[in-house]
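Peer 1: Pasted the sequence and its predicted model underneath.
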Amino acid sequence: MTVQPREGLLNIRPYKPGAAEAPGVENPVKLSSNENALGCSEKASAAFQASADQLHIYPDGGATRLREAIAKAEGLEAERIVCGAGSDELLQLLGKAYLNPGDKVVQSQYGFLVYKLVAMQSLAELVVAPETGYRTDVDAIIEAAGDDAKIVFVANPNNPTGTYIPASEITRLRDALPDETLLVLDSAYAEFVEDPDYEAGIELARTRDNVVMTRTFSKIHGLAALRLGWAYGDPSIIDVLHRVRGPFNVNLPAIEAGIAAIEDADFVRRSIAHNTQWVDYLRQQIGGLGLEVTPSVCNFVLVHFPESGDKTAPNADAYLTSQGLIVRRLEPYGLPHALRITIGKEVENRRLVEALTAFMGQ
């Protein structure tokens, strides 16, 4: 081959999404990608379908109406919001905009895999800070960042652990980092958190010029297929992101569905209530089988299995797959002895518990 890509790109392993098929099983239950068990808002679905006769028209490049709808729902300033094709795109745009080869990027031990991809795409150095009890350790991040980190990524709550740290710890982290370090708060699961000491990062992003918060429509709003996300931050950061994004990076059906979704507060409330009920159920039922379940504020649970014997995570995954239940293996995250299980519908959650009970009783 004579044409070569930029140095280091061939070392990247493309992101592998959660599996969707169980060989030999028709209509398996997909609990591998943290999708909304309730689907999406009927109003969002209707808005998506209503846009079908406009597919020949370019969308508004600035997603103006969507940004205004987000701003109204969240009490923000529309001019400090930029939309993207999922928060994944926005995270990658931040890397494109702010990272040079050799720059330092810091994440926590079990941080979202996309952070590593962002660093590698920019030929930056990734430094991983250890976690304590599957929870982001602010002191470890501060030590790892030192005085020269260019970007610090913090998922709060975190995927795949489901844990969070309170707003006071996020503020302490920001205060300890150099002014030249960009703190990126990935708040993809923010809407699920009901604890009073949690804050998604809006206040820091509003008051500091070196903080940006990203959000997604994929989880609470159930629009994963449309790839829609948004970021909020200082006007200087938003201006830079507008300069590096594609001119029409958010499509028209996504814009229309997103507006309807963000305005459907009732659907959001029902999604939160469903999630709270069944996270508690799975944690109690699975814990009763003798398995450790990390406390989760997200729409999934992290289940730990024995490291040896016949009740390991790979064996559990194989058994669940044979029963038509698809969950997430976590070797890429450095958690080979755990499985991440998405909250499903009631019948799916009960079926999962029955299958795990049978597996553990074998």
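Peer 2: Received it, and whenever you're ready, just let me know what you need.
Peer 1: Checking the most centrally placed residue in the chain next. Helix, strand or coil?
Peer 2: Geometric centre of the chain, nearest residue: residue 188, 4.5 Å, by CA atoms, centre = their mean. Three-state call for residue 188 (DSSP: H, G, I helix; E, B strand; the rest coil): coil.
Peer 1: which residues does the closest residue to it other than its chain neighbours contact?
Peer 2: Leaving aside its sequence neighbours, residue 188 sits nearest to residue 216 (CB to CB, 6 or more residues apart in numbering; 4.6 Å). Using the backbone N, CA and C atoms, a C-beta is placed for each residue, glycine as well. Listed by CB atoms under 8 Å, 6 or more residues apart in numbering, the contact partners of residue 216 are 86, 87, 188, 228, 229, 230.
Peer 1: Can you tell me which of those is nearest residue 108?
Peer 2: Nearest to residue 108, judged by CB to CB, of the contacts of residue 216 is residue 188 at 14.7 Å.
Peer 1: Can you give the contact residues for the longest helix along the chain?
Peer 2: For the chain, the longest helix by residue count, based on DSSP state H, is helix 265-287. Identification of contacts with helix 265-287 by CB under 8 Å, 6+ apart yields 36-38, 40-44, 73, 191-192, 194, 220-222, 261, 293, 295-299, 301, 303, 341, 343-344, 346, 349, 352-353, 356.
Peer 1: Show me which positions of it end up buried.
Peer 2: Buried residues in helix 265-287, defined by neighbour count with 16 or more other CB atoms under 10 Å: 267-268, 271-272, 274-275, 278-279, 281-283, 285-286.
Peer 1: Next, format these as CSV and append pLDDT and distance to residue 20.
Peer 2: Listed next are the buried residues of helix 265-287 as CSV, based on pLDDT from 0 to 100; distance: CB to CB, whole Å:
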residue, pLDDT, distance to residue 20
267, 98, 24
268, 98, 25
271, 98, 21
272, 98, 25
274, 98, 22
275, 98, 21
278, 98, 21
279, 98, 22
281, 98, 24
282, 98, 21
283, 97, 25
285, 98, 25
286, 98, 23
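Peer 1: Just give me the closest of these to residue 77.
Peer 2: Closest approach between the buried residues of helix 265-287 and residue 77, by CB to CB: residue 268, at 21.4 Å.
Peer 1: Show me where the protein dips below the pLDDT cut-off.
Peer 2: Along the chain, the model assigns pLDDT under 70 to residues 1.
Peer 1: Phi first, then psi, for the residue nearest to residue 188.
Peer 2: Phi and psi for residue 216, reported as degrees, to the nearest 10, are phi -140, psi 150.
Peer 1: what about the strands in the stretch 1-150 of the chain?
Peer 2: Per DSSP state E, counting those that start in this stretch, the stretch 1-150 of the chain carries strands over the ranges 29-30, 81-84, 104-108, 125-129, 149-155.
Peer 1: Would you mind reformatting those (as CSV) and adding columns for distance to residue 172 while you're at it?
Peer 2: CSV is the format used below for the strands of the stretch 1-150 of the chain (distance: least, CB to CB, whole Å):
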stretch, distance to residue 172
strand 29-30, 38
strand 81-84, 26
strand 104-108, 15
strand 125-129, 14
strand 149-155, 12
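Peer 1: Residue 16 is nearest to which of the ones you listed?
Peer 2: The closest of the strands of the stretch 1-150 of the chain to residue 16 is strand 29-30. By CB to CB, the value is 14.7 Å.
Peer 1: Which elements pack onto the closest one?
Peer 2: If contacts are counted by 3 or more CB pairs under 8 Å, 6 or more residues apart in numbering; DSSP states H and E, strand 29-30 sits against strand 325-326, helix 346-361.
Peer 1: deepest of these, which one?
Peer 2: Highest mean neighbour count of the helices and strands packed on strand 29-30: strand 325-326, a mean of 23 (counted as mean count of other CB atoms under 10 Å).
Peer 1: strand partners of that strand, parallel vs antiparallel please.
Peer 2: Next to strand 325-326 in the sheet, as set by DSSP bridges, lie strand 29-30 (parallel).
Peer 1: contacting residues around the strand it pairs with?
Peer 2: With contacts defined as CB under 8 Å, 6+ apart, strand 29-30 is touched by 18, 19, 20, 324, 325, 326, 342, 344, 348, 351, 352.
Peer 1: at 10 Å what do you get?
Peer 2: The contact list for strand 29-30 (CB atoms under 10 Å, 6 or more residues apart in numbering) reads 18-22, 320, 323-327, 342, 344-345, 347-349, 351-352, 355.
Peer 1: How many neighbouring residues does residue 246 have?
Peer 2: By other CB atoms under 10 Å, 11 other residues sit near residue 246.
Peer 1: Check the contact between it and residue 61; I expect there is one.
Peer 2: Yes. Counting by CB atoms under 10 Å, residue 246 does reach residue 61; the two are 8.7 Å apart.
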